[in-house]
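Novice: One predicted model, sequence on top.
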Amino acid sequence: MLARQRQEMILDEVRRTGAVQVSDLVQRLGVSDMTIRRDLDALAARGAVEKVYGGATSVLDRSTDEPGFETKSMYLPEEKKAIALRASEMVRPGTALGLSAGTTTWTLARHLDDVADLTVVTNSVRIADVLQQRGRTDRTVILTGGVRTPSDALVGPVAVRTLQSLHLDLVFLGVHGMSTRAGFTTPNLDESETNRALARAANRLVVLADHSKWSTVGISTIVGLDEVDVLVTDDGLPEQARTALEERVRELRIAPCSGNGDGVSSCPSRRAPSEEEHR
């Protein structure tokens, strides 16, 4: 198969599913890992896909573009894990907790095993499944109900009505983007309304957002920067963004995404590429 034909097949798959993984393409197309990486490089150079660690995703450039859960889960997994671990330090036994739908909040849910006696409200089936499958009997999980979005959030009037009657100690909110002009945003109008209801239910509101969300703007603002008690992000956030956020959010917490003490990031997105990856 010619390289151009192979690349068009890859592009068709990205358009169909929103994301591809190198390992899957190697098996499907019967070529080497390096060949697939070169194909993805070529497609990225054309602006046809966006490369991420381990694969590629569709290009999103409109304020209403909304990737699916599987697509978003491929973005910056180590950064999301670092953020989730830092956020989990805030959760105490006996807390009434809210978790919005999203891949970073889903990662957080997977790191709450050691916290006893939680009541968790969420508009995410995936998060509810994670919490109920962890084997704890001292946990109450409340699913809001609603209409499912492409990113697997439950939204709409049913979800909003459920949240309007609740009072939660702590709410963790995942977002699509953050900027000084628009605040914390989402590309889905219904999800924005639902997340605002969740934010209003919080005694303390915490946003979880990796560094790639900076300067990304969705069509609808959920909350302003100054309405958030804590923003947890990773140490890939540019210095100018840190300064801007420190002036506006009440507290900025940076989750280290390194950990080996030698100044080299363990996060693949910011690790220097190996010789093979560079080729």
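Specialist: Cool, got the structure.
Novice: Contacts for the helix ranked longest in the chain next, please.
Specialist: With DSSP state H setting the assignment, residue counts place helix 3-17 as the longest helix in the chain. The contact list for helix 3-17, computed with CB atoms under 8 Å, 6 or more residues apart in numbering, reads 20, 25, 29, 31, 35-36, 38-40, 42-43, 48-49, 56-58, 70-71. Heads up, the C-betas are built off the backbone N, CA and C, glycines and all.
Novice: Identify those among those residues that sit within helices.
Specialist: Assigned to helices by DSSP H, the following of the contacts of helix 3-17 qualify: 25, 29, 35-36, 38-40, 42-43, 70-71.
Novice: From those, keep the buried residues only.
Specialist: 25, 29, 35-36, 38-40, 42-43, 71 (16 or more other CB atoms under 10 Å).
Novice: Give me the below-cutoff pLDDT ranges for the stretch 1-150 of the chain.
Specialist: Across the stretch 1-150 of the chain, residues meeting the criterion (pLDDT under 70) sit at 15-18, 59-75, 135.
Novice: make it 80
Specialist: Across the stretch 1-150 of the chain, the stretches falling below the confidence threshold (pLDDT under 80) are 1, 12, 14-19, 46-48, 58-76, 134-137, 150.
Novice: What segments of it are strands?
Specialist: The residue ranges that make up the strands of the stretch 1-150 of the chain, judged by DSSP state E, counting those that start in this stretch, are 19-21, 49-52, 55-58, 96-99, 118-122, 139-143, 147-148.
Novice: who touches the fourth one?
Specialist: In other words, strand 96-99. Outside of strand 96-99, the residues within contact range by CB under 8 Å, 6+ apart are 91, 105, 108-109, 118-122, 124, 127, 163, 166-172, 198, 201-202.
Novice: same check, this time on the fifth one
Specialist: For strand 118-122, the surrounding residues in contact (CB under 8 Å, 6+ apart) are 91, 93-101, 105, 109, 112, 127-128, 131, 138-144, 162-163, 166, 168, 198, 201.
Novice: still on that earlier bit, out of the ones in helices among the contacts of helix 3-17, which one sits closest to Ala209?
Specialist: Each of the ones in helices among the contacts of helix 3-17 was checked against Ala209 using CB to CB; the closest is Thr71, at 17.0 Å.
Novice: pretty sure Asp41 is in contact with Glu50, am I right?
Specialist: No. Taking CB atoms under 8 Å as the definition, Asp41 is not a contact partner of Glu50, at 11.9 Å.
Novice: what about these two, which has more around it?
Specialist: When Asp41 and Glu50 are compared for neighbours, Glu50 comes out ahead with 18 against 14, by other CB atoms under 10 Å.
Novice: wait, the more buried one sits on Ala56?
Specialist: Yes. Using CB under 8 Å, Glu50 and Ala56 qualify as a contacting pair, with a distance of 6.4 Å.
Novice: circling back: what is the most widely separated pair among the buried ones among the ones in helices among the contacts of helix 3-17?
Specialist: Thr35 and Thr71 (23.1 Å).
Novice: Export the buried ones among the ones in helices among the contacts of helix 3-17 to CSV and append columns for distance to Thr194.
Specialist: Shown next, in CSV, are those (distance: CB to CB, whole Å):
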residue, distance to Thr194
Leu25, 36
Leu29, 40
Thr35, 44
Ile36, 38
Arg38, 42
Asp39, 39
Leu40, 35
Ala42, 40
Leu43, 35
Thr71, 21
